[in-house]
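Student: A predicted structure for the sequence below; I have some questions about it.
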Amino acid sequence: MINLEDYVERQMRRRGIEIAYARTLPVVVRRIADSTGTVLSNSIEFDAYNQFWFLANSFELPIGTRITSDTNVMLLEAHSSDIIEEFWGKIKIQLPNSFTGSLCQALFYQVLPK
Amino acid sequence: MTKTRITYYPVQFIVLHPLIPVTINTVLPSHIVKITDIKVVHSVGVQNMTTDKYLPVIGHLSLEFNSKQYHFGNIEVPFDYQTEASDEFLDAGIDIQRNSLLTGNYENKVFTGIDYLKADGTVTDKWSNYIVTIYLKTMSND
């Protein structure tokens, strides 16, 4: 399994970027359905401009989860602990229609550059 | 002695499924020193799925140069099957680091309905794989 902090530090160093601040941050995505079972919401969208967000727990997200941002778009097709995806800009996490739970937590490593 | 000249460097990718994003990950040749202009065009395939001659957006392409150090931005890729199709390039002006990565992602935005996609996620006969080409107008030292 890749050590996320080491990976991020190496990536930033290669790009000549100094890290000002970094932390692990959970993002909860709720699935809201009405009494008939119609899904009203199963996604969340937020701004992460001028910062890098690295997905830390892709292996815990449901297969079919789609995460898009200004720089990346990811469709989770299989579970693997060796995939680290990077996002920047407006991030949207969309749960698959097959997900029937009420909430899901995506864990990110947020990096603010100097 | 090397002499700088203008060359056009194409990068192609194929879209095999309406919902699966395409990742671009390639090293640019070391003789490319600068990218002056960029053009992204649909090459072949979409005309098999529609009778329209023009669709303003078939997908979104995000491009990063110099091993993810420079994000060019998001480009809306059109389908233009008209004789008077635009041949306009986008201004870039990016100095390229030697042996750096060109990375990007493409997300298809059309033909995602039930006519093209079965309930089990596989594509129907109406879906046609298509090819998109990124033309890089470059200054080359070859």
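Tutor: Received it, and whenever you're ready, just let me know what you need.
Student: immediately after the helix or strand encompassing A:Glu5, which helix or strand?
Tutor: A:Glu5 belongs to helix A:4-14 when assigned by DSSP states H and E. Next helix or strand after helix A:4-14 toward the C-terminus (DSSP H and E): strand A:19-30.
Student: can you list the helices and strands that that next one packs against?
Tutor: Secondary-structure packing of strand A:19-30 (3 or more C-beta pairs under 8 Å, 6 or more residues apart in numbering or on different chains; DSSP states H and E): helix A:4-14, strand A:43-55, strand A:103-113. C-beta: built from backbone N, CA, C; applies to glycine.
Student: contacts for the helix or strand hosting B:Gly59 next, please.
Tutor: Counting by DSSP H and E, the element that carries B:Gly59 is strand B:54-65. By C-beta atoms under 8 Å, 6 or more residues apart in numbering or on different chains, the surrounding residues in contact with strand B:54-65 are A:70-73, B:15, B:24, B:35, B:38, B:40, B:42, B:46, B:70-82, B:94, B:96, B:100-110, B:130, B:132, B:134.
Student: swap in 6 Å and give it another go.
Tutor: For strand B:54-65, the surrounding residues in contact (C-beta atoms under 6 Å, 6 or more residues apart in numbering or on different chains) are A:71, B:40, B:71-72, B:74-80, B:82, B:94, B:102-110.
Student: in that strand, what counts as buried?
Tutor: Residues of strand B:54-65 classed as buried: B:Leu55, B:Ile58, B:Gly59, B:His60, B:Leu61, B:Ser62, B:Leu63, B:Glu64, B:Phe65 (neighbour count, 16 or more other C-beta atoms under 10 Å in any protein chain shown).
Student: contacts only, for the residue in chain A positioned nearest to chain B.
Tutor: Chain B sits closest to A:Val73 of chain A, with a gap of 4.3 Å, by C-beta to the nearest C-beta. Contacts for A:Val73 (C-beta under 6 Å, 6+ apart) come out as B:Pro21, B:Asn105, B:Glu107.
Student: next: B:Asn108.
Tutor: B:Val15, B:Pro18, B:Gly59.
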